[in-house]
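Participant: Based on what follows, work out the 3D shape:
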Amino acid sequence: MASIARSERSNDRTVFMRLSLATASIAAGLIHASVVPHHLEESVVLGVAFAATAIFQIGWAAPVAFRLDRRLLDIGAVVNGAVVAAWIASRTVGLPFGPHAWLAEPIGAVDATATLLELMIVIGSALVPRSQPAAVPSSRMTVGTRDRRRNGHTVGVDGAASKQALFEEEDRAWNELHGLVDSMPEDKVAEPGYFEEGWSAKDLVAHIGSWLAEAGAVLERIRFGTYDRQEIDVDAMNQAFYDAMHDVPFSVVRAQGVASRNRMLRAWRSLPEDSPEANTWIRKAGPDHYSEHLPRLRQWVNELAR
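Facilitator: Here you go, the predicted structure:
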């Protein structure tokens, strides 16, 4: 639908790169942890150094996997770069301390693997984009990039209206939409004709509820800092929602819609600070989406009442 059709630049590559870095860091950390007892027997300094390296590499993985933080990536590149440099020195001229000071050690398969993983982290950290890419406008999109006209004034989707005003606007449109559906005779709710494609009022309620569920999931990810903008194939999602909900009884469809809306609003209220991205999702899944369907729904209710 037009109010949901906000195309966002895919960030899958960035997410994949971060997950790859996290995996490499855990693997390298586990290798270092496995040899800590051996190195402690040789030298307390070496043992502590390997333990600290393992703790850092394993601990660094989780935040890198779940959020894009340029400073964190830079720290990981510097630390792993230093570990690689120490390994090269130990295999060429020898380290200046320990039981084998200034003696070059042989290259083993395990330590070489750890070094390759660390090189991957150094290079990969530099290649990860420095910020989330901006959303790319779509010719089908009306919410999320274009301003809308209200009462003769241009209002941005993240814009001039306060959060409370947006909440009240969503509540009014929601109540009108469901009031119209509830006013229909029970045997007409599932009657095709709302859309030429064969949708019924029940299909509309399922469609609205499915996008509210999607918005609620996005707001939860925004709350926990794991949200990554992705390109949305709106038509495919609409079809998937229709296929999943078309044969579901109206009582279940309606309950799903109410639950999805409650979850979305609860997630919105729980955000620690105002989020333009969250407000955009609220508007495009909520009042703008309802308003897109209300004119035809009013007509359909009147047609069925004749």
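Participant: In three-state terms, how would the most centrally placed residue in the chain be classified?
Facilitator: The chain has residue 227 as the residue nearest its centroid, 2.5 Å off, counting by C-alpha atoms, centre = their mean. Here residue 227 is coil, with the state taken from DSSP: H, G, I helix; E, B strand; the rest coil.
Participant: With residue 193 instead?
Facilitator: Quick answer, by three-state DSSP: residue 193 is coil.
Participant: rewinding a little: quick one: the residue nearest to the centre of the chain and residue 215 touch, right?
Facilitator: No: taking C-beta atoms under 8 Å as the definition, residue 227 is not a contact partner of residue 215, at 11.6 Å. No exception for glycine: its C-beta is placed from N, CA and C like everyone else's.
Participant: What sits closest to the residue nearest to the centre of the chain if chain neighbours are left out?
Facilitator: Excluding its sequence neighbours, the residue lying closest to residue 227 (C-beta to C-beta, 6 or more residues apart in numbering) is residue 221, at 3.8 Å.
Participant: Just list the residues touching the residue nearest to the centre of the chain, thanks.
Facilitator: Shown in contact with residue 227 (C-beta atoms under 8 Å, 6 or more residues apart in numbering): 218, 221, 277.
Participant: same check, this time on residue 226
Facilitator: 66, 67.
Participant: What does it show for phi and psi?
Facilitator: phi -110, psi 10 (degrees, to the nearest 10).
Participant: Distance of it relative to residue 16?
Facilitator: 15 Å (C-beta to C-beta, to the nearest Å).
Participant: Equivalent analysis for residue 33, please.
Facilitator: Taking C-beta to C-beta as the measure, residue 33 falls 26 Å from residue 16.
Participant: which one of these two has more residues nearby?
Facilitator: residue 33 (16 against 10; other C-beta atoms under 10 Å).
Participant: Just confirm residue 193 contacts residue 200, I think it does.
Facilitator: Yes: if you go by C-beta under 8 Å, residue 193 and residue 200 touch, sitting 7.1 Å apart.
Participant: ok, those two, which is more surrounded?
Facilitator: Legend: neighbour count by other C-beta under 10 Å for residue 193 and residue 200, higher for residue 200 (20 against 13).
Participant: Skip the chain neighbours and tell me the closest residue to the more buried one.
Facilitator: Residue 200's closest residue in space is residue 190 (C-beta to C-beta, 6+ apart), at 4.8 Å.
Participant: And for residue 298?
Facilitator: Among residues not flanking residue 298 along the chain, residue 180 sits closest, at 6.5 Å (C-beta to C-beta, 6+ apart).
Participant: Relative to residue 60, how far out is residue 25?
Facilitator: Distance, residue 25 to residue 60, using C-beta to C-beta: 5 Å.
Participant: so who does residue 129 touch?
Facilitator: 14, 68.
Participant: ok, so what distance separates it from residue 15?
Facilitator: Taking C-beta to C-beta, one finds residue 129 at 11 Å from residue 15.
Participant: What about the closest residue to residue 120 other than its chain neighbours, how many residues nearby?
Facilitator: In space, and not counting its chain neighbours, residue 120 is closest to residue 24: 4.9 Å by C-beta to C-beta, 6+ apart. For residue 24, the neighbour count with other C-beta under 10 Å is 21.
Participant: Residue 24 touches residue 125, doesn't it?
Facilitator: No: Residue 24 lies out of contact with residue 125 (C-beta under 8 Å); the separation is 10.3 Å.
Participant: about what we covered before: can you count the residues close to the residue nearest to residue 298?
Facilitator: 18.
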